[in-house]
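Engineer: for reference, the sequence and a predicted model appear below.
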Amino acid sequence: MAALKAGRPALDAVEAGVREVESDAADHSVGLGGYPNLLGDVEQDASIMDGRTLLAGAVAALKGYPHAISVARKVMEMLPHVLLVGEGATRFAGEMGFTLAELRTPDAMAAWRERLLKAMPLATFETLHEARDLAHWVYLASDPERAGGTTNFIALDAEGNLASGVSTSGWFAKYPGRVGDSPIIGAGNYADNRYGAATCTGMGEMALRAGAARSVVLYLKTGMTVDAAVRQAMLDLNDLGGDYLDSMSILALDREGAPAGFTNLEQGEIYWMLTDTMTAPAQVIRTFVQTHKRWGKR
Ligand code: ASP
């Protein structure tokens, strides 16, 4: 809000907002202190989209840089590309002058070690890097205590420009190199000044398969209200088959600044809303929509 009040564009506001969460070591779903993958590495996914131009930038499986959102923005601004992954993303972050940092905090690593050792013998844990059967352990990613979380920001500035930013360290104990919905434009993030913007949290594989964020914006384009558009995108998740269907929450803002937050998690899930006339952000309860859930090989 400070950025918006200073006359800066929505894009600056979402980047600044996401950076705050990325810096928070107590938040284990993103940036510094994010829960690691199966091998103990924090791999970050992030994307940013500018509703003025539909330009977007993203990074996936980025290691060692706490502000994935800012690296994503640089991809958008400096390259003719949208998405860089893994080593290329890391190399680019260094080239752009970002500072390397240790993202693995002692408490996140202790939680990782403790959870893995509950599931496997010490000898297996110690040789996991050489293991040929990592896929066997990926069910640990369904640990409800540590599964995931993502930060979503959507902003509308005084000029009517929309921007959206998404950042996450993804699912705890995910397979190395697994990329979720957050860095995929159209899945976890989409913004178009003419209609609105949408972002997702939850089981990224579902938003990927349903093209969830883009669906919301297309539904807005057809003339639906923001509530109807997000509800429909949530209900579309019921078309997904397969054995792995879990949490999904979608946040949206239409071009007039009307928000909508929906979730298939238990009722009482919230999002935060702040306008220039409010003195503090307010919690808004998300609308609950039941969608199919199953986790085949728990
Ligand atoms: N959507 C994120 C992912 O799949 C995680 C989450 O929001 O819980 O990586």
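Structural biologist: Cool, got the structure. Bear in mind that the values here come from a model prediction, so they are computed numbers and not experimental data. Numbering: from 1, shown residues only.
Engineer: can you show me the strands along the stretch 151-298 of the chain?
Structural biologist: Taking DSSP state E, counting those that start in this stretch, the strands of the stretch 151-298 of the chain run over residues 151-156, 162-168, 189-192, 196-202, 244-245, 248-254, 259-263, 270-273, 282-285, 287-288, 294-295.
Engineer: for residue 208, find the nearest of these.
Structural biologist: For residue 208, the closest of those is strand 196-202, at 9.4 Å, according to Cβ to Cβ. For the C-beta atoms, the positions are set from N, CA and C on the backbone; glycine is no exception.
Engineer: kindly export that closest one (C-alpha atoms) in CSV.
Structural biologist: As requested, C-alpha coordinates have been extracted for strand 196-202 and formatted as CSV (Å, rounded to 0.1, in the frame of the first residue of the first chain):
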residue,chain,number,x,y,z
GLY,A,196,-9.0,-9.1,-13.5
ALA,A,197,-6.3,-11.2,-11.9
ALA,A,198,-6.2,-14.5,-10.1
THR,A,199,-3.7,-16.5,-8.1
CYS,A,200,-3.7,-19.9,-6.5
THR,A,201,-2.4,-21.8,-3.4
GLY,A,202,-2.8,-25.5,-2.6
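Engineer: going forward can the numbers begin at 279, since that is how I track them
Structural biologist: Yes, from this point I'll number from 279; that puts the last item at strand 474-480.
Engineer: direction included, what does it pair up with?
Structural biologist: Strands adjacent to strand 474-480 in the sheet, as given by DSSP bridges, are strand 467-470 (antiparallel), strand 526-532 (antiparallel).
Engineer: is it in proximity to the ligand?
Structural biologist: Yes - with Cβ under 6 Å from any ligand atom as the threshold, strand 474-480 lies in contact with the ligand, specifically through 479, 480.
Engineer: contacts only, for residue 320.
Structural biologist: The neighbourhood of residue 320, defined by Cβ atoms under 8 Å, 6 or more residues apart in numbering, consists of 312, 313, 314, 341, 381, 382, 386, 447.
Engineer: next, the distance between the ends of stretch 290-308.
Structural biologist: Between the opening and closing residues of stretch 290-308 we find a distance of 19 Å, counting by Cα to Cα, to the nearest Å.
Engineer: any idea how far residue 328 is from residue 338?
Structural biologist: Spatial separation of residue 328 from residue 338 under the definition Cβ to Cβ, to the nearest Å is 19 Å.
Engineer: how long is stretch 432-450 from one end to the other?
Structural biologist: When the termini of stretch 432-450 are compared using Cα to Cα, they are 25 Å apart.
Engineer: residue 561 against residue 548, yeah?
Structural biologist: Yes - assessed by Cβ atoms under 8 Å, residue 561 is found in contact with residue 548 at 4.5 Å.
Engineer: comparing these two, which shows the higher neighbour count?
Structural biologist: Neighbours per residue (other Cβ atoms under 10 Å) separate residue 561 from residue 548, with residue 548 holding more: 13 against 8.
Engineer: what sits opposite the more buried one in the beta ladder?
Structural biologist: residue 563.
Engineer: mind listing what it touches?
Structural biologist: For residue 548, the residues meeting the contact criterion (Cβ under 8 Å, 6+ apart) are 539, 561, 562, 563, 564.
Engineer: once you drop chain neighbours, what's closest to residue 282?
Structural biologist: Counting by Cβ to Cβ, 6 or more residues apart in numbering, residue 282 lies nearest to residue 291, which is 5.0 Å off, once chain neighbours are set aside.
Engineer: the helix or strand hosting that neighbour to strand 440-446, inter-axis angle?
Structural biologist: In the assignment (DSSP states H and E), residue 291 maps to helix 288-300. Counting by axes from the mean of the first three to the mean of the last three Cα atoms, to 10 degrees, helix 288-300 lies at 20 degrees to strand 440-446.
Engineer: tell me the mean pLDDT over helix 288-300?
Structural biologist: Helix 288-300 carries an average pLDDT of 98.
Engineer: stretch 473-482 now?
Structural biologist: 97.
Engineer: ok, now stretch 322-335?
Structural biologist: Per-residue confidence for stretch 322-335 averages out to 98 on the pLDDT scale.
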